[in-house]
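Q: Fold the following and give me the result.
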Amino acid sequence: MKRANILFVGLNYAPEPVGIGPYSQGLTQALVARGHRVEAVVGKPYYPQWRTYPGFAGGGWSTAVEEGVTVTRCPHYVPANPSGARRIAHLASFALSALGPGLRAALRPAEARPKVVVTVAPALLSVFTAWLAAKLAGARLWIHVQDFEVEAALATGLLPDAGWAARLSRWLEARLLRLGDKVSTISPQMCAKLVAKGVAGDRVVEIRNWADTRFAPDPAGAEALRREWGLGEQKVALYSGNIARKQGIEILIEAARLLEKRDDIVFVICGEGPNRAALEQLASGLRNFRLRDLQPAERMGAMLNMADLHLLPQIAGAADLVLPSKLTNMLFSGRPVVATTEPGTGLYDEVDGCGAITPPGDAVALAKAIAALSDDPARRESLGAAARKRAAERWMKEAIIARMGQELDRLA
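A: Residues are numbered from 1 along each chain as shown. Sure thing, here's the model as predicted:
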């Protein structure tokens, strides 16, 4: 495609260090590197702490050029306790706040209007904002699904899984997704789910998240972290990321209790999120458990390399609603992954051969898998090498961005 104007609409954006934000920023900057003019309408950073970052709080809309991308940050409601109703208000507030900048871009003179509007779900409600901007500009609409947020909310109990509210939410999700001229998502199973929701198969494309090469293994930094955190020669079972309902992270506490007599194994959780305080209380008194803040980007490579194995819990029913973005960097670190999921899911297919897989909710099986890997350094090394190879084959940014560029060419 010749140089084109692209409008990006998405709630989450860097400097948020985990989740959707880094991928949205990486995508927009990569499109600029390919020669396009990109304007991003995004929210003010708040995730995963669910607090607006210092320096961004207060005030209204702000616009700046960041690495070639014109970024407009919109004010929006951020609930301290993101329950179902509050989360809907949070998402709706961004959709409304993004409407002004989106429409201004769409109503510019013809040569300055966007040719393609790209939007990310979550936040699903902002799909309508992006669709309206695309209609007014005469542009094509690309929807990228990182997370089936309606089904995830139903699966985790944020919304009741029956009654008119559930039916309305499912109908609205399917209706909004079918607005896209192109609809992408991050795994084959999620692509199939898009088709099941009524999106035409020829509009669906798989665009994965990528491993962040900034987080390359850092053995020296890993040793320094071990000394700083007093971990010694213990085998470290690490979870790093958001602490929320869909992770089902409480199972890690159960597994830690089952392995409490093993002085050579320690569970380390680095994260933020709405369930952190409850998790800390649940783990009270556990000698083999450490809770740390989410580490900054410059320490991520060291932290991931510090682990002897990575932990990736997920509740039953959520496996194909989202493929956790943290998995990419776990694999890239060259360490085996212990995941809780079921055969046939996208997560199972990605971890199979690179770690151990146990049923969701089965703390005994999870503890046994962690103990077995801790006791077998040769197997950890073999599985870790397979994980690094898989990251190189499936999760490298250059190939993923190139594919999206080709699809944008076809769309435009």
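
Q: I'd say Asp181 and Trp142 touch.
A: Yes - with contact defined as C-beta atoms under 8 Å, Asp181 and Trp142 form a contacting pair (6.8 Å). To be clear about C-beta, it is placed using only N, CA and C from the backbone, and glycine gets the same treatment.

Q: quick one: common contacting residues for those two?
A: Leu411 (C-beta atoms under 8 Å, 6 or more residues apart in numbering).

Q: Please identify which of these two sits among more neighbours.
A: Trp142 (27 against 17; other C-beta atoms under 10 Å).

Q: Helix, strand or coil: sort out the more buried one for me.
A: strand (DSSP: H, G, I helix; E, B strand; the rest coil).

Q: Can you pull the phi/psi pair for Asn5?
A: When read as degrees, to the nearest 10, the backbone of Asn5 gives phi -90, psi 130.

Q: list the contacts for it?
A: Residues in contact with Asn5 (C-beta under 8 Å, 6+ apart) are His36, Arg37, Glu39, Ala112, Arg113, Pro114, Lys115.

Q: ok, of those, which come out buried?
A: His36, Arg37, Glu39, Arg113, Pro114, Lys115 (16 or more other C-beta atoms under 10 Å).

Q: can I get those in JSON lines with distance to Gly221, pLDDT and secondary structure?
A: What follows is the buried ones among the contacts of Asn5, written out as JSON lines (distance: C-beta to C-beta, whole Å; pLDDT from 0 to 100; DSSP: H, G, I helix; E, B strand; the rest coil):
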{"residue": "His36", "distance to Gly221": "36", "pLDDT": "92", "secondary structure": "coil"}
{"residue": "Arg37", "distance to Gly221": "38", "pLDDT": "94", "secondary structure": "strand"}
{"residue": "Glu39", "distance to Gly221": "37", "pLDDT": "97", "secondary structure": "strand"}
{"residue": "Arg113", "distance to Gly221": "46", "pLDDT": "95", "secondary structure": "coil"}
{"residue": "Pro114", "distance to Gly221": "42", "pLDDT": "96", "secondary structure": "coil"}
{"residue": "Lys115", "distance to Gly221": "43", "pLDDT": "95", "secondary structure": "coil"}
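
Q: buried ones in stretch 43-62?
A: Neighbour counts over stretch 43-62 (16+ other C-beta under 10 Å) mark Gly43, Lys44, Pro45, Tyr46, Tyr47, Pro48, Gln49, Trp50, Thr52 as buried.

Q: Among these, name the ones in strands.
A: Gly43 (DSSP state E).

Q: any chance of the buried residues of stretch 43-62 in CSV, plus pLDDT and distance to Pro15?
A: Below are these laid out as CSV (pLDDT from 0 to 100; distance: C-beta to C-beta, whole Å):
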residue, pLDDT, distance to Pro15
Gly43, 97, 12
Lys44, 97, 10
Pro45, 97, 5
Tyr46, 95, 11
Tyr47, 92, 10
Pro48, 86, 12
Gln49, 87, 12
Trp50, 91, 15
Thr52, 95, 12
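
Q: Okay, now the unreliable bits of the stretch 251-400 of the chain?
A: Residue ranges of the stretch 251-400 of the chain with pLDDT under 70: 317-322.

Q: Do a quick rundown of the helices in it.
A: Along the stretch 251-400 of the chain, the stretches classed as helices by DSSP state H, counting those that start in this stretch are 276-282, 297-306, 326-332, 346-351, 363-374, 377-394, 397-411.

Q: for the fifth one, packing partners?
A: Under the contact criterion of 3 or more C-beta pairs under 8 Å, 6 or more residues apart in numbering; DSSP states H and E, helix 363-374 touches strand 235-242, helix 250-258, strand 265-272, strand 309-312, strand 337-340, strand 355-358, helix 377-394.

Q: so of these, which one's packed in deepest?
A: Ranked by mean neighbour count, these are led by strand 337-340 with a mean of 26 (mean count of other C-beta atoms under 10 Å).

Q: and the residue sitting furthest away from the middle of the chain, how far is that from Asn5?
A: Most distant from the centre of the chain: Pro109, at 35.8 Å, with distances by C-alpha atoms, centre = their mean. Distance, Pro109 to Asn5, using C-beta to C-beta, to the nearest Å: 11 Å.

Q: repeat for Gly84
A: Gly84 is 37 Å from Asn5, by C-beta to C-beta.

Q: Repeat that for Ala339.
A: As judged by C-beta to C-beta, Ala339 and Asn5 stand 41 Å apart.

Q: Same check on Ser240?
A: Taken as C-beta to C-beta, the span from Ser240 to Asn5 is 37 Å.

Q: Ala155 too?
A: 38 Å.

Q: now Trp210
A: Taken as C-beta to C-beta, the span from Trp210 to Asn5 is 25 Å.

Q: got it, and Val266?
A: 51 Å.

Q: Identify each of the strands in the stretch 151-300 of the chain and give its residue range.
A: 182-185, 204-206, 235-242, 265-272, 289-292 (DSSP state E, counting those that start in this stretch).

Q: What are the buried residues along the second one?
A: Yep, that's strand 204-206 we're talking about. Across strand 204-206, burial judged by 16+ other C-beta under 10 Å covers Val204, Val205.

Q: who touches that strand?
A: Contacts with strand 204-206, where a contact means C-beta under 8 Å, 6+ apart, come from Lys182, Val183, Ser184, Thr185, Ile186, Ser187, Pro188, Cys191, Leu194, Val195, Arg403, Glu407.
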